[in-house]
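J.: A structural model of the following input is requested.
(chains A, B, C and D)
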There are 2 protein chains.
Amino acid sequence: MGNSELQDTLKSYFPILKEGSLNDIVKHSSYLKSTKGTKLISEGKRHHYIYLIVKGSVKSYYSKESKEVCVWFSLENEIIGTTSTIQGDASKETIELLEDSELIKLNIEKIKELAQTDLSISNLLNNLWKEHATFLEERLYQLQFMNSHERYKVLIKDTPEILQRVSLTDIASFLGVSRETLSRIRAKK
Amino acid sequence: MGNSELQDTLKSYFPILKEGSLNDIVKHSSYLKSTKGTKLISEGKRHHYIYLIVKGSVKSYYSKESKEVCVWFSLENEIIGTTSTIQGDASKETIELLEDSELIKLNIEKIKELAQTDLSISNLLNNLWKEHATFLEERLYQLQFMNSHERYKVLIKDTPEILQRVSLTDIASFLGVSRETLSRIRAKK
DNA sequence: GTAATTTTGTGACATTTGTCAAATGAAATC
DNA sequence: GATTTCATTTGACAAATGTCACAAAATTAC
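T.: As a prediction, the model looks like this:
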């Protein structure tokens, strides 16, 4: 992917950005391909990038005592990163590729710097935070209000592709149940 | 609370704001006292305000079939609102005063408008979103990773004041357990 | 294609939690 | 201070879920 292609892609994702601001961001971005299993962000480490998934899929998870709990999955056309990374802290989560993927890597440190003086970039970050918060609230709602059967139904209704592309082990932890319980939920339908 | 007092208070909460930007916000803010049980924001309705708690406490909850599930509590010195309200949609949650309270009411519609052209306000909104997202992630982590005993322990460790000022019924739904289960958790300690 | 490995499903049982009913305790009202 | 009302606790039981062990299926490696 050439530089002008990169620009075109980012432009379509960030339509509210002014031309000059977009250029500034492109300067701190790069295209990359990476293989399944690659960790874009590792728990406990400081990172300086967020990513746009051009092709492929990723999971984000916390781990404790060799157990993993998935926080979210992302497929094509989504912006991903961890809140702790964006705040400049060591990441609390790990982000790992579930498939061979194509990504655009954006230097969030630089973008945050730009946002200090660039209104259009600051507004862009606002939008990203807003979307992320909305996602998290929806997830909390589901965990607090729905039982595991209902949460599974919502998942297959809203993002059926996840079922095809993510292991049931990961989906189970995402839904907040054991692998076996998810198996039984699926058997009943 | 006079206008200059209002200005001083808001200044201490939003130190990153430039003087002029602060003035613009003060113009769309007002001080108010309100009694326990008052709903600042009602589920299903459009609202245009966020609030700063000067004194008092509030809960935010979803309701379904006459059951309430608490999403969060706030005490003094916190900014509160609902994501749906801020986005201009009908609110998904209800925000209700748990005690007689003193508040500063800020017109979020106007603030958002200002943020379109005012960098310092846009950056302020970014900070607020960031804090909110961090809170939500921490909560998700606790719900996915800890059992109810552990979640209760975290609550009494991090915000013991909540125990004194919020009913156990509300706390139970916040922790994601029934009232009776919370009673038993407490009995065991 | 076969073997090895990983993922998913199933059974049996223990544990946790929810639910309903009733009892106790605390707070508000008169 | 007695009474009413509301909040919290406790008991008994049912339902849901976790855990462990193993079987079946699917995937990967050879």
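J.: Look up phi and psi at the residue nearest to the spatial centre of chain A.
T.: Centroid-nearest residue in chain A: A:I80, 3.1 Å away (criterion: Cα atoms, centre = their mean). Dihedral angles of A:I80 (phi, psi; degrees, to the nearest 10) stand at phi -130, psi 150.
J.: Same question for A:L106.
T.: Per-residue torsions, A:L106: phi -120, psi 130 (degrees, to the nearest 10).
J.: What number of residues are in the vicinity of it?
T.: Per other Cβ atoms under 10 Å in any protein chain shown, the neighbour tally for A:L106 reads 21. All C-beta spots, glycine's among them, are computed from the backbone N, C-alpha and C.
J.: Now it: closest residue in space, sequence neighbours ignored.
T.: Nearest residue to A:L106, sequence neighbours excluded (Cβ to Cβ, 6 or more residues apart in numbering or on different chains): A:S29, at 4.8 Å.
J.: Next, work out how far apart the residue lying closest to A:T181 once chain neighbours are set aside and A:R186 are.
T.: Nearest in space to A:T181, with sequence neighbours left out and distances taken as Cβ to Cβ, 6+ apart, is A:S148 at 6.4 Å. Taking Cβ to Cβ, to the nearest Å as the measure, A:S148 falls 11 Å from A:R186.
J.: Looking at those two, which one has more neighbours?
T.: Neighbour count, other Cβ under 10 Å: between A:S148 and A:R186, A:S148 has more, with 17 against 13.
J.: Verify the stated contact: the more buried one with A:S173.
T.: No - A:S148 is beyond contact range of A:S173, at 11.8 Å (criterion: Cβ atoms under 8 Å).
J.: in what helix or strand does the residue in chain A positioned nearest to chain B lie?
T.: Of all residues in chain A, A:W129 sits closest to chain B, at 3.4 Å by Cβ to the nearest Cβ. Using DSSP states H and E, A:W129 maps to helix A:119-145.
J.: and the next element down the chain from that helix?
T.: Next element after helix A:119-145 (DSSP H and E): helix A:148-158.
J.: what's the distance between that next one and the middle of its chain?
T.: A distance of 20 Å separates the centroid of the chain from that of helix A:148-158, by Cα atoms, centre = their mean, to the nearest Å.
J.: Is the next helix or strand after it in proximity to DNA strand C?
T.: The C-terminal neighbour of helix A:148-158 among helices and strands, as given by DSSP H and E, is helix A:160-165. No - contact of helix A:160-165 with DNA strand C (Cβ under 7 Å from any atom of the strand) is absent, the minimum separation being 9.3 Å.
J.: contact partners of helix A:160-165?
T.: A:57, A:73, A:75, A:98-99, A:155-156, A:171 (Cβ atoms under 8 Å, 6 or more residues apart in numbering or on different chains).
J.: so A:V26, which of the three states?
T.: helix (DSSP: H, G, I helix; E, B strand; the rest coil).
J.: I'd guessed it sits against A:L10; true?
T.: Yes - contact criterion Cβ under 8 Å: A:V26 and A:L10 qualify, at 6.1 Å.
J.: So which bits of chain A are right by DNA strand C?
T.: Residues of chain A lying near DNA strand C (Cβ under 7 Å from any atom of the strand): A:167-169, A:179-180, A:182-184, A:186-187.
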